[in-house]
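Trainee: Sequence below, structure please.
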Amino acid sequence: MNSCLLKCTDTCRILCKNKLFLFLSQILDNSQTLLDVLKEEMGDLGKAIEPQSAPLGRVRRQKRS
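Mentor: I've put the predicted structure just below:
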């Protein structure tokens with residue numbers, strides 16, 4: 001067990017747990033924000049790539065005909 005927690009009173013332990021909970025909540029929130037941004041960027045990347053690949057496929061098919 002953490003030596004800080006051993007020296008603390010019950011009130012101090014509760015405060016330490018609350019701070020830890022808040023810290024972990026912030027990490028979770030930041031992780032979710034990062035995930036949302038990455039999903040959006042991946043979607044934008046997909047939109048940017050799709051229109052370029054379709055005409056190339058058509059050009060290749062036209063050359064074979």
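Trainee: roughly how far apart are Leu38 and Leu28?
Mentor: 16 Å (C-beta to C-beta, to the nearest Å). In this view, the C-beta of every residue, glycine as well, is placed from N, C-alpha and C.
Trainee: And Cys16, by the same measure?
Mentor: 19 Å.
Trainee: so which helix or strand takes in Leu20?
Mentor: helix 10-64 (DSSP states H and E).
Trainee: Tell me the helices and strands packed up against that helix.
Mentor: helix 3-7 (3 or more C-beta pairs under 8 Å, 6 or more residues apart in numbering; DSSP states H and E).
Trainee: So for the helix it packs on, mean pLDDT?
Mentor: Mean per-residue pLDDT for helix 3-7: 56.
Trainee: Kindly report the same for stretch 27-34.
Mentor: Mean pLDDT, stretch 27-34: 94.
Trainee: How about residues contacting it?
Mentor: For stretch 27-34, there are no surrounding residues in contact (C-beta atoms under 8 Å, 6 or more residues apart in numbering).
Trainee: Just the CA atoms of it, as CSV, please.
Mentor: Only the C-alpha atoms of stretch 27-34 are listed here, as CSV (Å, rounded to 0.1, in the frame of the first residue of the first chain):
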residue,chain,number,x,y,z
ILE,A,27,-7.7,10.7,-18.8
LEU,A,28,-10.8,8.9,-20.0
ASP,A,29,-12.4,12.2,-21.3
ASN,A,30,-9.1,13.1,-23.1
SER,A,31,-8.9,9.6,-24.6
GLN,A,32,-12.5,9.7,-25.8
THR,A,33,-11.8,13.2,-27.4
LEU,A,34,-8.7,11.8,-29.1
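Trainee: about what we covered before: more neighbours: Cys16 and Leu28, which one.
Mentor: Per other C-beta atoms under 10 Å, whichever of Cys16 and Leu28 has more neighbours is Cys16, with 14 against 10.
Trainee: any idea how far Asp10 is from that one?
Mentor: In this view, Cys16 and Asp10 are 11 Å apart by C-beta to C-beta.
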